[in-house]
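A.B. asks: Quick one, structure for this:
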Amino acid sequence: MVSIRNSESSVEQRILDAAAACILAYGVERTTMTEIARRARVSRPTIYRRWPDIRWVIAELLTVRISGVLDAVPDAGVSREDLVDRVVAIAEHLRRDEIVMSVIFNAPTLAMVYITERLGTSQQLLVDALAAAIKAGQEDGSVRNGDPYEMGAMCLLITQSTIQSAQMVEKILDRDALSVELAHSLNGYLKP
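C.D. replies: Okay, the predicted model is just below:
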């Protein structure tokens, strides 16, 4: 027998998968609740019971994808170098994620909310992970003193800016060079 919780989780996953497929097929701005419902084989009210509008569906999709990258790139150790390597790897994963990049480049109104106005759930997850890693690095002596959450927020800003602006400087910094320079930036910032 399938539990109600598993069934709910399955429906939500189908909806998020359908939203991702719509974004890839039509772009963020032309993705609709109707098309998501059709692809997920659910009714529109089923979606609206979970999320109030399309922006919330997309925000949830981003949270799931970004938290998935956090899980896919595990901690390799507690040193500053390990922390920086993980951040650079996460940034690289996100730069390759078609959904994340589609939202950044094709839905500027939605993206700007999370760039200039407030921390989203996925950004808070990243700051929390960074703060924990920074604290561990401080305890091992490889990361300078300071408030781990403030430093984590700054690392998020540096990395987020790199991800968002990579396309602008790709003739100067190719994918590999960008990763190298991001690592130098983060190492310099965190070094005791």
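A.B. asks: any idea whether Leu119 is helix, strand or coil?
C.D. replies: In three-state terms, and counting by DSSP: H, G, I helix; E, B strand; the rest coil, Leu119 is coil.
A.B. asks: pretty sure it is touching Leu125, no?
C.D. replies: No. In this structure Leu119 lies outside contact range of Leu125 using CB atoms under 8 Å: 9.7 Å. For glycine as for every other residue, the C-beta is placed from the backbone atoms N, C-alpha and C.
A.B. asks: and the residue positioned nearest the centre of the chain, what is it in contact with?
C.D. replies: Closest to where the C-alpha atoms of the chain average out (CA atoms, centre = their mean) is Ile66, at 3.4 Å. If you count contacts by CB atoms under 8 Å, 6 or more residues apart in numbering, Ile66 has them with 94, 100, 122, 125-126.
A.B. asks: now that we have those, which one has the most neighbours?
C.D. replies: Neighbour counts for the contacts of Ile66 (other CB atoms under 10 Å) peak at Leu126, which has 25 neighbours.
A.B. asks: Report the distance from the lengthiest helix in the chain to the chain centre.
C.D. replies: Of all the segments assigned as helix in the chain under DSSP state H, the longest by residue count is helix 4-26. In terms of CA atoms, centre = their mean, to the nearest Å, the centre of helix 4-26 is set 18 Å apart from its chain centre.
A.B. asks: Would you point out the helix or strand in this structure whose mean pLDDT is lowest?
C.D. replies: The helix or strand of the chain with the poorest confidence is helix 108-112; it has a mean of 74 (mean pLDDT, DSSP states H and E).
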